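Visitor: have a look at this prediction, sequence included:
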Amino acid sequence: MYFDAEYECMSRQALEQVQLERLQSTLYRISRNVPFYRKKFEAMGLDTGDVRDLADLRRLPFTTKDDLRLNYPYGMFAVPMREVVRLHASSGTTGKAVVVGYTKNDVRRWARLAARVLTAGGVTKDDVVQIAFGYGLFTGGFGFHYGAELLGASVVPSSHGNTQRQIQIIQDYKTTALVCTPGYAQYLAKRMGDAGVNVNALTLRHGLFGGETWSEAMRTAIQDGLKVTATDNYGLSEIMGPGVAGECLERNGLHLNEDHFLAEIVDPQTLEPVAEGEVGELVLTTLTKEAFPMLRLRTGDLTRFLPGDCPCGRTHRRLDRIQGRTDDMFTLKGVNVYPRQVENVLATIEGIDPCFQIVLEREDGLDRGTVLVEAGTDEFFDEIKKHQMLCAEIHRRLESVLGVGFAVRIVERASLFDGQACKTRRVVDKRTI
């Protein structure tokens, strides 16, 4: 089932021709209308008219999040404000927020690409789609809202938070598709279990989750807890929002909408392309954005291209699920650690929940790390000996895999989830606070 079969299933040769034409058009627009890029090109002695092949993309400069913040709020816009009909912004959690703009055409394309992702995840016009992403400057809620309406589905804009209300809506409105972060989906499942809700009696069938990294173990827990088919999706405000890439029902990688976005995977240190199939930093170039085109944006997200074709028939390249971020990496006692490595270890241990948090502290000049892990059941704390043995086992496995020791604490279920942000903060580094 496709939303745009003509483009989603086009031949590689035809797709690359579309990409090249759209890249050349984008370069012409930004070289004329975005002073930041024009100065970059002049400093490099680069004539954008010389870009005659997709391989020439590597000759073009990268764009970083710092570049966007230094041009706050409208310095990267390629159209006058009278043509901008919508403004959104990134969260600004690592600095000044990045303001992004959309023309009328941008909004139309956004809706179509979100509809592609929803369709790939199994959503049709017959579904009731409950969107529990935040509505506001964050792009998540509006992006999926437009896409679901375009499909003809019934949209419930429940936004995030007020969990008891969310559960009531799922029951009373006969929700069939849930859209939110995976952390919030897992939290909803726990709250339903605590309230004695019979999830088998619900009408939920599909779950489209994104906005944070999650594992196969977490997917299994969500599918078991909510009785849905859970698919992953990817987007970021600086590029567009939801609709950049999404899994189909094969759940074997995220189909990138390559007719609108050019993707590269590079080594985050050397910025050179990594070997096919290797993990690196995702770099994205927009091909059809009018108000806020991006050239080789370093996303900071770590992933890889997956080999082979997907049985679903879509021909666009597939991305592996996001495995972490370049800026999520931390060093403890001289060892580089990614939160995803911790998650992979915890996924192999019974009796705990996939939800965890890493707390880094400094005491008397020495760094130490503690992994907080949620108990699998509320009765867990009644068994002190079992508690101690499990902490010791987690400590042993983490040290064996990562090469550095962590203290381990088991905490109550759902205690690590931030209801206001609708996600779990994976790393809390108190060494710099």
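Guide: Cool, the structure landed. Numbers count the residues shown, from 1 in each chain.
Visitor: only C-alpha atoms, please: export stretch 63-78 in PDB.
Guide: Output of stretch 63-78 as PDB, limited to C-alpha atoms (Å, rounded to 0.1, in the frame of the first residue of the first chain):
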ATOM      1  CA  THR A  63      25.900  23.100   7.400                       C
ATOM      2  CA  THR A  64      26.000  22.700  11.200                       C
ATOM      3  CA  LYS A  65      23.500  23.500  14.000                       C
ATOM      4  CA  ASP A  66      25.900  26.200  15.100                       C
ATOM      5  CA  ASP A  67      25.600  27.900  11.700                       C
ATOM      6  CA  LEU A  68      21.800  27.900  12.100                       C
ATOM      7  CA  ARG A  69      21.900  29.400  15.600                       C
ATOM      8  CA  LEU A  70      24.300  32.100  14.500                       C
ATOM      9  CA  ASN A  71      21.800  33.100  11.800                       C
ATOM     10  CA  TYR A  72      18.900  33.200  14.200                       C
ATOM     11  CA  PRO A  73      16.100  33.900  13.600                       C
ATOM     12  CA  TYR A  74      15.600  34.400   9.800                       C
ATOM     13  CA  GLY A  75      19.100  34.500   8.300                       C
ATOM     14  CA  MET A  76      18.800  31.200   6.600                       C
ATOM     15  CA  PHE A  77      15.500  31.900   4.900                       C
ATOM     16  CA  ALA A  78      15.500  31.800   1.100                       C
END
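Visitor: residue boundaries of the helices in this protein?
Guide: 5-8, 12-33, 35-44, 65-70, 104-120, 140-151, 163-172, 182-195, 216-226, 339-346, 384-402 (DSSP state H).
Visitor: for the second one, what is the distance to the chain centroid?
Guide: What that stands for is helix 12-33. Helix 12-33 sits 25 Å away from the centroid of its parent chain (Cα atoms, centre = their mean, to the nearest Å).
Visitor: just the angle for it relative to helix 35-44, thanks.
Guide: Per axes from the mean of the first three to the mean of the last three Cα atoms, to 10 degrees, the angle that helix 12-33 makes with helix 35-44 is 100 degrees.
Visitor: any buried residues in helix 12-33, and which?
Guide: Neighbour-count burial for helix 12-33 flags 15, 18, 19, 20, 22, 23, 24, 26, 27, 29, 30, 31 (criterion: 16 or more other Cβ atoms under 10 Å). In this view, the C-beta of every residue, glycine as well, is placed from N, C-alpha and C.
Visitor: do the same with the fourth one
Guide: Neighbour-count burial for helix 65-70 flags 65, 67, 68, 69 (criterion: 16+ other Cβ under 10 Å).
Visitor: for the buried residues of helix 12-33, work out which two are farthest apart.
Guide: Across the buried residues of helix 12-33, the longest distance by Cβ to Cβ is 24.4 Å; it joins 15 and 31.
Visitor: what bits of the stretch 151-300 of the chain have low per-residue confidence?
Guide: Low-confidence segments of the stretch 151-300 of the chain (pLDDT under 70): none present.
Visitor: show me which of the buried residues of helix 65-70 is closest to residue 263.
Guide: residue 65 (17.4 Å).
Visitor: so the closest one touches residue 98, yeah?
Guide: Yes - with contact defined as Cβ atoms under 8 Å, residue 65 counts as touching residue 98 (6.9 Å).
Visitor: quick check: neighbours shared by those two?
Guide: Common neighbours of residue 65 and residue 98 (criterion: Cβ atoms under 8 Å, 6 or more residues apart in numbering): residue 238.
Visitor: for the chain, longest strand please?
Guide: The longest strand of the chain (DSSP state E) is strand 352-363.
Visitor: ok so, going back, would a markdown table of the buried residues of helix 12-33 with distance to residue 40 be doable?
Guide: Formatted as a markdown table, the buried residues of helix 12-33 follow (distance: Cβ to Cβ, whole Å):
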| residue | distance to residue 40 |
| --- | --- |
| 15 | 28 |
| 18 | 25 |
| 19 | 21 |
| 20 | 21 |
| 22 | 20 |
| 23 | 16 |
| 24 | 17 |
| 26 | 14 |
| 27 | 12 |
| 29 | 15 |
| 30 | 10 |
| 31 | 9 |
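Visitor: Serialize those to JSON lines and add fields for pLDDT and distance to residue 165.
Guide: Below are the buried residues of helix 12-33 laid out as JSON lines (pLDDT from 0 to 100; distance: Cβ to Cβ, whole Å):
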{"residue": "15", "pLDDT": "98", "distance to residue 165": "44"}
{"residue": "18", "pLDDT": "98", "distance to residue 165": "44"}
{"residue": "19", "pLDDT": "98", "distance to residue 165": "44"}
{"residue": "20", "pLDDT": "98", "distance to residue 165": "49"}
{"residue": "22", "pLDDT": "98", "distance to residue 165": "43"}
{"residue": "23", "pLDDT": "98", "distance to residue 165": "46"}
{"residue": "24", "pLDDT": "97", "distance to residue 165": "49"}
{"residue": "26", "pLDDT": "98", "distance to residue 165": "43"}
{"residue": "27", "pLDDT": "97", "distance to residue 165": "48"}
{"residue": "29", "pLDDT": "96", "distance to residue 165": "44"}
{"residue": "30", "pLDDT": "97", "distance to residue 165": "44"}
{"residue": "31", "pLDDT": "97", "distance to residue 165": "50"}
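Visitor: any low-confidence regions in the stretch 301-433 of the chain?
Guide: For the stretch 301-433 of the chain (pLDDT under 70), the answer is 334, 364-365, 378-382, 419-423, 432-433.
Visitor: 50 instead, please
Guide: 433 (pLDDT under 50).
Visitor: re the thing from before, residue 352: which of the buried residues of helix 65-70 is nearest?
Guide: Nearest member of the buried residues of helix 65-70 to residue 352, counting by Cβ to Cβ, is residue 65, at 34.0 Å.
Visitor: state the distance from the closest one to residue 239.
Guide: Residue 65 is 12 Å from residue 239, where distance means Cβ to Cβ, to the nearest Å.
Visitor: picking up where we left off before, which among the buried residues of helix 65-70 gets closest to residue 430?
Guide: Nearest to residue 430 among the buried residues of helix 65-70 is residue 65, at 23.6 Å by Cβ to Cβ.
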